[in-house]
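>>> give me the fold of what follows.
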Amino acid sequence: MSSSVDSHSRYLKEFRVEQCPLFIQRKCTQHRPFTCFNWHFMNQRRRRPVRKRDRTFNYSADNYCSKYDETTGICPDGDECPFLHRTAGDTERRYHLRYYKTCMCVHDTDTRGFCVKNGPHCAFAHGNHDLRPPVYDIKEIQALENPDSDPNSSSNGPNILDKERNLMNEDPKWQDTNYVLSNYKTEPCKRPPRLCRQGYACPQYHNSKDKRRSPRKSKYRSTPCPNVKHGEEWGEPGNCDQGDNCMYCHTRTEQQFHPEIYKSTKCNDVQQAGYCPRGVFCAFAHVDREFTLINRT
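Take a look at the predicted model:
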């Protein structure tokens, strides 16, 4: 546990806060693909999140700055800006005291223990030992203690992301198993790139590896396509010449939400922690009756 705490502290305080000295000398071997612990260009630079003595954050965990230039990485208000800077990879938000390692990752780890999607710097937890409690701004704490406060105030109550996820979880159509199997991740997200912050809680896909063909329309098996998946890692769906006509799964999402597999095993998060951060978009069974509700024809 102590090693996880030390790792969390290091990432919160140091990840992408300083420029890579090897990159300045053109010697960094982690530039392409960019996996360096430090930043190379200004738009990758992240400010260290701090909760001040008055128990407010030095910058918001949810409200983005309208002045920040995503290309140059420059804000006219500099480091004193009280708003979130949309850095490359959205690192200021993902590695904020409010969110870092507070939710379980939906992706597996490889033989080295690294996330197969996000690599060694994954901002999500891989196991209960990796979870940490969120640190709240005093305004959030006050809102939780005073639920009768103005719900329309942007500074009070649950953050925007939590509200969006709750709305999705409460939407009746996403409670319907057949609707989920037919529609989940089958259409592109309508929001501009990088502006959707729901992640797995978004029912639309964001990229080719997130995309899923509806098994009701495209007939394919629950077996991974050998042209796409090699060992434990999923490659690009475009590696298969058959495209949407292929008879095998092209993404992890297609496999997990295939009628033959969907809800066929119990959710580890529910069994171990009694809570699943994926809500209605979890491909695993939360209660025993879900095993009998799935039509596997």
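
>>> low pLDDT regions in the protein?
Counting by pLDDT under 70, the chain shows low-confidence ranges at 1-2, 143-171, 192-201, 273, 275, 277, 288-297.

>>> quick one: the helices in it?
Assigned by DSSP state H, the helices in the chain fall at 2-14, 21-24, 91-94, 138-145, 160-170, 177-183, 252-256, 268-273, 289-293.

>>> just the CA trace of the longest one, in PDB.
What follows is the C-alpha trace of helix 2-14 in PDB, where atoms were taken according to Å, rounded to 0.1, in the frame of the first residue of the first chain:
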ATOM      1  CA  SER A   2       2.800   2.400   0.900                       C
ATOM      2  CA  SER A   3       4.400   2.000  -2.500                       C
ATOM      3  CA  SER A   4       1.100   3.000  -4.200                       C
ATOM      4  CA  VAL A   5       0.800   6.000  -1.900                       C
ATOM      5  CA  ASP A   6       4.300   7.100  -2.800                       C
ATOM      6  CA  SER A   7       3.600   6.600  -6.500                       C
ATOM      7  CA  HIS A   8       0.400   8.600  -6.200                       C
ATOM      8  CA  SER A   9       2.200  11.400  -4.400                       C
ATOM      9  CA  ARG A  10       5.000  11.500  -7.000                       C
ATOM     10  CA  TYR A  11       2.500  11.700 -10.000                       C
ATOM     11  CA  LEU A  12       0.400  14.400  -8.300                       C
ATOM     12  CA  LYS A  13       3.400  16.500  -7.500                       C
ATOM     13  CA  GLU A  14       5.800  15.900 -10.400                       C
END
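
>>> measure Lys209 to Glu233 for me?
Separation of Lys209 from Glu233 (Cβ to Cβ, to the nearest Å): 11 Å. To be clear about C-beta, it is placed using only N, CA and C from the backbone, and glycine gets the same treatment.

>>> same drill for those two, tell me which one is more crowded.
Neighbours per residue (other Cβ atoms under 10 Å) separate Lys209 from Glu233, with Lys209 holding more: 16 against 12.

>>> please name the nearest non-neighbouring residue to the more buried one.
Spatially, and ignoring its direct neighbours in sequence, Lys209 is nearest to Thr251 (5.5 Å; Cβ to Cβ, 6 or more residues apart in numbering).
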